[in-house]
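Student: quick one: sequence and predicted model below, then my questions.
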Amino acid sequence: MPDALVSIRDFAPPRTRATNRVRDAYLRLRKKLHIEGNQGDSALVPEDLERIRDPILGPETFERLESHVFDLLDKTFAAWIDEEETPHRFCACLHQESAPDDLFARWAAARGHDILADGKPDGRRRFAVLPSLDPLCARDPEGLKRLRQFCDKIEGQKTKLLFCGSAVQWGFLRRVSPLGLQVTDVRVIPPFDGRALADLLGIENASRQFRSRSSGADILKIKGNELEDDYLIDLAAGVRGCPWAALQMVNRSVSSQQDADDAGATWLARYDWPGLPPQHARVSRFLLHAVLIHGELAPQDLGSALPIPVPPGLVRALAGLGYLQLAEDGAVRIVPCMAAHIRRVLSEAGFPLGEV
C-alpha cells in the first residue's frame, strides 16, 4: 500500500490499460446514446449466482485502511506539529470525496490535537486541526464574507493550523479566497492503484477467491509482479484511487455461487455507472457540483447555491439513480462511492474541480 502522503502537485489517479480506456469511452458513448446492453459474463461464470445484498467486506478491512492512513498522517505532520519555528504555519491535507466525512476529526481526536469543529480560529492555541472545510464553503454572500474574515483573522494569529477536507472544496476555496496563498504545503491521501487494492482486500480475505464475472479470472492473482486480471486496475481508475470508494463498490458488485463445489468463490460484476436524467442533465450537473462543494445542502439552501432553479422531483430522481442520499430533514449529500463518477461527469462538462 502507499507509504506516504503526496503533494497536491504530484497527485496522479490510477489509469486503466490503454485498450481498456478505449473500451470505457465506447461504453460511456453507448450510455449517452441510451443504447442498452452490456459486456456479458464469461463462460466460466456459473448460472446459479445469487446477488448478495449484505456487505461482504467486514470492519477489519476498513479499520486496517484507516489505521494505515492515520500512520501516513503521523509520518507527514508529527515533526511539523512539534516544530517551534517553521516556514509553513498553515498546511493542508485533502482526501477525495468518497472518504469518511469524519476521517480527520477522528485522527485528531485519537492523537489529542485541538479541533476547530466550528471553523472559528482561536489564537490562544499553539496548534489546531480544522477537520472539515464545510464551515468555510458556503457560496452565498454571507458565507463568502465569513470566509474573508476568517482569512484575515488567522493571518494575525500565531496558531499553527492544519486544514483538512475534500479536494473539490479546497479547489473552491483557492478560487474565492487567499487561502491558496496562506497555506504553503498541501498534501493529499495517496491514490491506491490496483495492486494496493489487492493488498487491502487480502487482509481479511486470504481464504476467499474473488473472481471477475467478465473474465472468470481470480482478481487477486499476481503474475510477474503485476495483477493478472484487469478488474482491480479498472476499479482503481473508476474511483480515482480512493480506497474507501473501491471497497464500497466491491460490496455493491458481489454475487456468490451457491453450488457447494465452488462455495469459496465470490464473483464480482463490473459496476454500471448511472447516467443523468436526459431532460435535466444541465441542472443536474449544477446541483451535483454544488453539493460536492458544500458537503451538505439543506432544501431551503438549494436556491441560493445554484444559478438556475431546481425542478421539482430532481433531487429524488438523482437519489433514485444513486447519486444523492437524503437525510430525514431533507438535507442532501453525495453518496460517497459515487463521488469519482460525479467528478468524471462534471469534468466532461467543463466544471471546475481543483487539482486533484
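Tutor: Here it is on my side, so go on. Numbering: from 1, shown residues only.
Student: measure stretch 213-223 end to end?
Tutor: 20 Å (Cα to Cα, to the nearest Å).
Student: how far off centre is it?
Tutor: Using Cα atoms, centre = their mean, to the nearest Å, the mean C-alpha position of stretch 213-223 is found 25 Å from that of the whole chain.
Student: same thing with stretch 72-83?
Tutor: Distance, centroid of stretch 72-83 to centroid of chain: 24 Å (Cα atoms, centre = their mean).
Student: now do the strands in the stretch 151-300 of the chain.
Tutor: Here the stretch 151-300 of the chain has its strands, by DSSP state E, counting those that start in this stretch, at 160-166, 185-188, 209-212, 222-223, 226-227, 254-257, 265-268.
Student: of all those strands, which lies closest to Leu179?
Tutor: strand 160-166 (7.4 Å; Cβ to Cβ). All C-beta atoms are positioned from the backbone trio N, CA, C, and that covers glycine.
Student: could you give me the average pLDDT of that closest one?
Tutor: The average pLDDT within strand 160-166 is 94.
Student: only alpha carbons, please: show it as CSV.
Tutor: This file holds the C-alpha atoms of strand 160-166, laid out as CSV (Å, rounded to 0.1, in the frame of the first residue of the first chain):
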residue,chain,number,x,y,z
LYS,A,160,-0.4,26.7,13.6
LEU,A,161,-3.3,25.3,11.6
LEU,A,162,-3.8,22.1,9.6
PHE,A,163,-6.7,22.4,7.2
CYS,A,164,-8.4,19.1,6.3
GLY,A,165,-11.2,18.3,3.9
SER,A,166,-12.1,17.4,0.4
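Student: what pairs with that strand, parallel or antiparallel?
Tutor: If you go by DSSP bridges, strand 160-166 pairs up with strand 90-95 (parallel), strand 127-130 (parallel).
Student: closest one to Arg240 among those?
Tutor: Closest among those, using Cβ to Cβ: strand 90-95, at 11.4 Å.
Student: which outside residues touch that closest one?
Tutor: Applying Cβ atoms under 8 Å, 6 or more residues apart in numbering, the set of residues contacting strand 90-95 from outside is 5, 8, 73, 76-77, 80, 103-104, 154, 160-167, 170, 179, 182-189, 242, 356.
Student: where in this protein is pLDDT low?
Tutor: 17-55, 256-264, 355-356 (pLDDT under 70).
Student: make it 50
Tutor: Applying pLDDT under 50 to the chain flags the ranges 42-44, 258-260.
Student: what's the neighbour count on Pro352?
Tutor: Counted with other Cβ atoms under 10 Å, the neighbours of Pro352 add up to 12.
Student: please renumber so the chain begins at 729
Tutor: Taking 729 as the first residue, the last one we looked at is Pro1080.
Student: mind giving me the ChimeraX select for the contacts of strand 818-823, buried ones only?
Tutor: Selecting only the buried entries of the contacts of strand 818-823 in ChimeraX, with 16 or more other Cβ atoms under 10 Å as the criterion:
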select :733,736,801,804,805,831,832,882,888,889,890,891,892,893,894,895,898,907,911,913,914,915,916,917,970,1084
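Student: what about the helices in the chain?
Tutor: Counting by DSSP state H, one finds helices in the chain at the ranges 746-760, 787-810, 831-839, 869-883, 895-904, 907-910, 922-929, 959-966, 971-980, 1009-1022, 1030-1033, 1042-1048, 1067-1076.
Student: quick one: which of those helices is nearest Ala856?
Tutor: Here helix 831-839 is closest among those (Cβ to Cβ), at 8.6 Å.
Student: returning to that earlier point: right, so of the helices of the chain, which gets closest to Gly851?
Tutor: The nearest among those, by Cβ to Cβ, is helix 869-883 at 8.0 Å.
Student: next, the angle strand 818-823 makes with the closest one.
Tutor: 130 degrees (axes from the mean of the first three to the mean of the last three Cα atoms, to 10 degrees).
Student: packing partners of helix 869-883?
Tutor: When contacts are defined as 3 or more Cβ pairs under 8 Å, 6 or more residues apart in numbering; DSSP states H and E, helix 869-883 sits against helix 895-904, helix 907-910.
Student: and that helix with helix 1009-1022, angle?
Tutor: Counting by the same axes, to 10 degrees, helix 869-883 lies at 30 degrees to helix 1009-1022.
Student: next, the buried residues of helix 869-883.
Tutor: Buried residues in helix 869-883, counted by 16+ other Cβ under 10 Å: 871, 874-875, 878-879, 882.
Student: tell me the one of those nearest Glu813?
Tutor: Ile882 (18.3 Å).
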